[in-house]
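[1] build the 3D model from these lines:
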Amino acid sequence: MSSIPSPSVHVHAARLAFAGVPLFDDLDFQLPGGSWTCLLGPSGVGKSTLLRILAGLESAGDQGQVVCGDGIPLSGRAAYMAQKDLLLPWLSVIENAVVGFRLRGQRAPKHQARELLAAVGLADRCYARPDDLSGGMRQRVALVRTLVEDRPVILMDEPFSALDAITRYRLQSLASRLLAGRTVLLVTHDPLEALRLGHRIHVLAGRPARLGACIEPPGKPPRDPSDPAVLAAQADLLRRLAAAAEA
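    Next up, the predicted model:
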């Protein structure tokens, strides 16, 4: 993947309510440039919504805004991977992987897509249709579709959740390597995944939602999950999540 300057991104004064119930009220959230930020919290607290605000798919409210540290708008510079794979059933795997380029009328980088499909173990499924794939295979195609965009900011919502443990471990390492130096926001329910991959970790809790204190795990990602320091941090993070679930 190319070397692209990756900006910091700041969600400022986000306000959002559903059915009159405030989800965010004057929420500020910072993504440091060139590093991975992981976001955890109870289901329904607003993690995916915050991701969608950054992706430009949800409003930050009348006074809210998304600002990049380099002063350039984020629009067109972020790749977004949703929880659902959103593969188009009438397209092949490789066509799905480069569908964004096709929709924008750009030349599709099929060579890079094939290399990435091989890296995620799908070299022999390039011309299969989504209905012929398992859920984990479909999620791998969605990951390749995100990576091949080669954007400076990457927004991912539980990108490894449908994978078996060994494949998840391998693809976490692959994503960490390929996205080194990018500005990444990873939403996950897995504390150990956050501790393997994140430079910074936040827990989102409450209604309206608030960010907990930043956790900065020691060492360089991807970390060894058997490292005693990582296991101790996992226990602490689980305690924070348990407290968040009661907030």
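[2] buried stuff in the lengthiest helix in the chain?
    For the chain, the longest helix by residue count, based on DSSP state H, is helix 228-245. Using 16 or more other C-beta atoms under 10 Å as the test for burial, helix 228-245 gives 230, 233-234, 237, 240-241, 244. All C-beta spots, glycine's among them, are computed from the backbone N, C-alpha and C.
[3] likewise stretch 143-159?
    Those would be 143-149, 151-159, for stretch 143-159 by 16+ other C-beta under 10 Å.
[4] quick check, nearest of the residues you listed to Cys126?
    Cys126 lies nearest to Val144 out of those, by C-beta to C-beta, at 10.4 Å.
[5] show me what contacts the closest one?
    Listed by C-beta atoms under 8 Å, 6 or more residues apart in numbering, the contact set of Val144 reads 97, 113, 116-117, 120, 122.
[6] quick one: buried ones out of those residues?
    Buried, going by 16+ other C-beta under 10 Å: 97, 113, 116-117, 120, 122, out of the contacts of Val144.
[7] so which of the residues you listed are in helices?
    The helices, defined by DSSP H, take in 97, 113, 116-117 from these.
[8] surely Met6 and Thr183 touch.
    Careful, residue 6 is Ser; it's not Met. Yes: using C-beta atoms under 8 Å, Ser6 is in contact with Thr183, at 4.2 Å.
[9] what strand or helix carries the most centrally placed residue in the chain?
    The C-alpha lying nearest the average C-alpha coordinate of the chain belongs to Met156 (C-alpha atoms, centre = their mean; 1.7 Å). Using DSSP states H and E, Met156 falls within strand 153-157.
[10] name the strands paired with that strand and say parallel or antiparallel.
    strand 78-81 (parallel), strand 183-187 (parallel) (DSSP bridges).
[11] for the last one, give me every contacting residue.
    Put plainly, it is strand 183-187. 6-9, 31-40, 47-48, 50-51, 54, 152-159, 193-194, 197-198.
[12] just list what the next helix or strand after that strand packs against, helices and strands only.
    Following strand 183-187 in sequence order, the next helix or strand is helix 191-197 (DSSP H and E). With contacts taken as 3 or more C-beta pairs under 8 Å, 6 or more residues apart in numbering; DSSP states H and E, helix 191-197 sits against strand 36-40, helix 165-178, strand 183-187, helix 228-245.
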